[in-house]
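Chemist: show me how the following folds:
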Amino acid sequence: MVRIASLNINGVNRRLPNLIAWLHETEPDIVCLQELKARPADFPQDALRAAGYEAAWQGERSWNGVAILSRGRAPVVTRRRLPGEPDDVQARYVEAAVDGILVASIYLPNGNPQPGPKFDYKLRWFERLIAHAATLAATGLPVVLGGDYNVVPTDADIYPTRSWAKDALLQPQSRAAFQRLLAQGWTHALRTLHPTGPLYSYWDYKRERWPRDAGLLLDHLLLSPVLAGRLADGGVDRTVRGEASASDHAPVWITLRPEHAPRSRR
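Modeler: Predicted coordinates for the structure are as follows:
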């Protein structure tokens, strides 16, 4: 089995003890990280290597930042930015090959406040992702698009509330862009495994949303068709969110059967 996870770490150096403890406990083979909040030179490469992980990363001072961790082997970087806007220097995308799987770590813009320039940037970035994802889909390769998409795809992916109605995460344009991405043939791994019921990966620090389980599903793992048939299991490591000094996100994860392994009956 191959275990692939994604986590918005919300400050990789600040949360490093939490991250390393989770890596030791769950031993994922591949991890997509977002919101590193660290310059490239400040990424904790040595500490992660000591924990058994090599990394590829794209950092940015104070904000953003993405990485791909790989257990026991070095990711082979294929792209560090999305095509489409040469002047866009925000560190939101990194792509690498790991043991025959092409993996992208994605940190889509939040887009608040909306309407406004930040929401316009979010939608432009989303269009660039859709265009690049189409190129990847056309290759027929095994691809995982993992990360914090900053989109709540449906009303089933948020606790019952109206308080987020004007938030960029729930706007019709954001949701429509996510659905157009899926329409290229990508499988939404977590919702395929858990099609109904609450499934949250983010709990805001404010208003006791974690104790109240007032969560949102923002973190997604999308699989190309050749990988979809290998999907075996997946979920959210919710307990990580409840630890001291935790990120406001919890890791999402899946396991893939080995290539050519028979599918078990559910």
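
Chemist: OK, contacts around the residue nearest the centre of the chain?
Modeler: Most central in the chain under Cα atoms, centre = their mean is residue 147, positioned 1.2 Å from the mean C-alpha point. Residue 147 sits next to 6, 8, 32, 34, 66, 104, 105, 106, 107, 108, 219, 220 when contact means Cβ atoms under 8 Å, 6 or more residues apart in numbering. All C-beta atoms are positioned from the backbone trio N, CA, C, and that covers glycine.

Chemist: next step: those residues restricted to strands.
Modeler: Among the contacts of residue 147, the ones falling in strands (DSSP state E) are 6, 8, 32, 34, 66, 104, 105, 106, 107, 219, 220.

Chemist: reformat these as CSV; add neighbour count and distance to residue 96.
Modeler: Below are the ones in strands among the contacts of residue 147 laid out as CSV (neighbours: other Cβ atoms under 10 Å; distance: Cβ to Cβ, whole Å):
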residue, neighbour count, distance to residue 96
6, 29, 14
8, 25, 18
32, 30, 10
34, 32, 15
66, 27, 11
104, 24, 8
105, 31, 8
106, 25, 13
107, 27, 15
219, 27, 19
220, 26, 18
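
Chemist: out of these, which is nearest to residue 52?
Modeler: Of all the ones in strands among the contacts of residue 147, residue 32 has the smallest distance to residue 52: 16.9 Å, by Cβ to Cβ.

Chemist: what's across from the closest one in the sheet?
Modeler: With DSSP bridges as the criterion, residue 32 is bridged to residue 6, residue 68.

Chemist: for it, give its distance to residue 8.
Modeler: Residue 32 is 9 Å from residue 8, where distance means Cβ to Cβ, to the nearest Å.

Chemist: stretch 248-255 spans what distance, first to last residue?
Modeler: Stretch 248-255 has an end-to-end distance of 23 Å (Cα to Cα, to the nearest Å).

Chemist: and of the ones in strands among the contacts of residue 147, the nearest to residue 204?
Modeler: residue 8 (12.4 Å).

Chemist: and that closest one, what is it in contact with?
Modeler: Residue 8 neighbours (Cβ under 8 Å, 6+ apart): 33, 34, 35, 107, 147, 148, 202, 218, 219, 247, 248, 249.

Chemist: got any ranges where the stretch 151-266 of the chain has weak pLDDT?
Modeler: 261-266 (pLDDT under 70).
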